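Trainee: below: sequence and its predicted model.
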Amino acid sequence: MPNPLGLVDALRAFRDGRVSPGAYLAACHEAARARADLAAFTVLATELAPGDGPWAGIPVGVKDIIATADMPTTNGSPVYADHVPAADAWIVTRLKALGASVLGKTVSTEFAWRHPGPTHNPWKRGHTPGGSSSGSAAAVAAGIVPLALGTQTFGSVIRPAAYCGVVGFKPSYGAIPRVGVHPLAPSLDHVGLFTRSVTDAAFALSRLIGRDDADRHGRPLPGFSIDLDAAFAPCEAPRLALVRTAIWDRAEPEQRALLESSAAAFRTAGAHVSDLVLPAALEGLWDCARTLLAVEASACFGALVARFPDRTSQPLKDLVAEGAQVPAVAYVDALRRQVAWRADLDTVLAGYDAILTLPASGPAPEGLASTGDPAFCVPWTCLGVPAVALPAGTSRGLPLGLQLVGPYRNDLALLRTARWCETVLARPVTVPAP
């Protein structure tokens, strides 16, 4: 049976003696086996026992491009079908030190790019859960785990979180070390989190930020602590910038309507919400991100696709070929613009607590041949600023979400703003029926 307890609620229940850590872990393990039809996991742990630490009894889903030394890490590719890494990724080591257990590896698209895996959306079979962190979003939504790890290079945390009706959090670039995470485009790659509430995301982040010299892009956030016994306090009524972006016409009517109705609800609750048009220069973010992605992915995978042409997908081959054609001067210019525009956004957001915008074009599309359009997430990933996906509505039996974006390295403030918005939306945490 699915278990609706989130991370913080489960830890409180363990502490108070209302739930046994071992029983909770076993129930989540059973839920994973019972929902094998979702195809959220590539492999499950064969035996689970609570670890030694404050998170003992907490099961975590780990995206299959994140190294685990005690179970296979296939990177969503037949090239790595039998690969078991020599060491855990930094983030897995941190989780185990806290006492958490890896319940299993969650399905990823091939190397976190376009070629999809078999995972279904828990709310409606035959619809994508999004990608590339497909299994992680589905596992949290289905009540299998209270926390799962994902990565985002374009839209691979925020979009699947919105499609599956859970909270997705992409921290600021460099906040969580990527050591042991297979790269796609190092200038864009982030480690992110899926949870059932903003409180859970904030609590997890407070324990998972850090630094490792092996990740040369690392820039840890200012440390903060969240008390397990105290409620995670929202901000005061925030100042929100309603941003529709240049690709607004790609959004479906119900997704646009949800953004407008949510903005109205936030105004009624006391927030200051005003339209903001991004400076024209920032409209180049999509092209900038694509240049960085193509060049860096070509460097990462060029030799691989040449060696294994029959075991790599056409989308990966196309990306490698695209990157090989980009002039060096265009790549260097994209890196320069990325840094400059991040500073520009801080200026644009002066006077605002967060941007309110779309996480996706609409509900999860039907079919498993695609994981959906990441375009609504790309600008914020390119800038490396923190972003949160919030469940906010439904359409045709599928979740719809919102996206909140904050200034670079203001992750805690963004989460407090998201907590305020979550309180106003007042959506109960629900788990879809099997």
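Mentor: Perfect, thanks for sending it.

Trainee: contacts, neighbours, all on C-alpha from now
Mentor: OK.

Trainee: quick one: Leu103 is in a helix?
Mentor: No. Judged by DSSP: H, G, I helix; E, B strand; the rest coil, Leu103 forms no part of a helix; its state is strand.

Trainee: and it, how many neighbours?
Mentor: 26 (other CA atoms under 10 Å).

Trainee: measure it to Gly117 for me?
Mentor: 19 Å (CA to CA, to the nearest Å).

Trainee: same check on Gly180?
Mentor: Counting by CA to CA, the gap from Gly180 to Gly117 is 21 Å.

Trainee: these two: who's more crowded?
Mentor: Between Gly180 and Gly117, counted using other CA under 10 Å, the more crowded position is Gly117 (25 against 19).

Trainee: three-state assignment of Gly401?
Mentor: strand.

Trainee: got the contact list for it?
Mentor: Contacts for Gly401 (CA atoms under 8 Å, 6 or more residues apart in numbering) come out as 162-163, 165, 358-360, 389-393.

Trainee: at 10 Å instead, please
Mentor: 158-167, 255, 258-259, 357-360, 362-363, 388-394 (CA atoms under 10 Å, 6 or more residues apart in numbering).

Trainee: over to Gly165?
Mentor: For Gly165, the contacting residues are 121-123, 129, 137-138, 140-142, 159, 196, 363, 389-394, 398-401, 429-432, by CA under 10 Å, 6+ apart.

Trainee: one more: Gly362?
Mentor: 159, 162-163, 250-256, 258, 372-373, 394-395, 398-401.

Trainee: out of those, list just those in helices.
Mentor: 159, 162-163, 253-256, 258 (DSSP state H).

Trainee: most surrounded residue in those residues?
Mentor: Result: Arg159 is most packed of the ones in helices among the contacts of Gly362 (other CA under 10 Å), 39 neighbours.

Trainee: so Leu242 bridges to which residues?
Mentor: Asp275, Leu356 (DSSP bridges).

Trainee: okay, helices next: where are they in the stretch 101-250 of the chain?
Mentor: With helices called from DSSP state H, counting those that start in this stretch, the stretch 101-250 of the chain shows them at 134-141, 158-164, 198-208.

Trainee: mind listing what Glu47 touches?
Mentor: Glu47 neighbours (CA under 10 Å, 6+ apart): 26, 29, 103.

Trainee: redo the residues you listed as a markdown table? Include distance to Glu283 and pLDDT.
Mentor: Output for the contacts of Glu47, formatted as a markdown table (distance: CA to CA, whole Å; pLDDT from 0 to 100):
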| residue | distance to Glu283 | pLDDT |
| --- | --- | --- |
| Ala26 | 49 | 95 |
| His29 | 45 | 96 |
| Leu103 | 41 | 98 |
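
Trainee: of these, which is the nearest to Cys288?
Mentor: Distances from Cys288 to the contacts of Glu47, taken as CA to CA, are shortest for Leu103 (37.2 Å).

Trainee: list the contacts of the closest one.
Mentor: 25-26, 28-29, 32, 41, 43-48, 58-62, 144-145, 148.

Trainee: which among those residues count as buried?
Mentor: By neighbour count, with 16 or more other CA atoms under 10 Å, the contacts of Leu103 hold 25-26, 28-29, 32, 41, 43-44, 48, 58-62, 144-145, 148 as buried.

Trainee: one step back: reformat the helices of the stretch 101-250 of the chain as JSON lines; add distance to Leu368.
Mentor: Output for these, formatted as JSON lines (distance: least, CA to CA, whole Å):
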{"stretch": "helix 134-141", "distance to Leu368": "11"}
{"stretch": "helix 158-164", "distance to Leu368": "13"}
{"stretch": "helix 198-208", "distance to Leu368": "28"}
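
Trainee: closest one to Leu412 among those helices?
Mentor: Closest to Leu412 of these, according to CA to CA: helix 198-208, at 7.2 Å.

Trainee: just want the most central residue of the protein.
Mentor: By CA atoms, centre = their mean, the chain has its centre lying nearest to Val157, at 2.3 Å.

Trainee: how far away is it from Gly210?
Mentor: Distance of Val157 to Gly210, given as CA to CA: 20 Å.

Trainee: circling back: take the contacts of Leu103 and keep only those in helices.
Mentor: Checked against DSSP H, the contacts of Leu103 include these in helices: 25-26, 28-29, 32.
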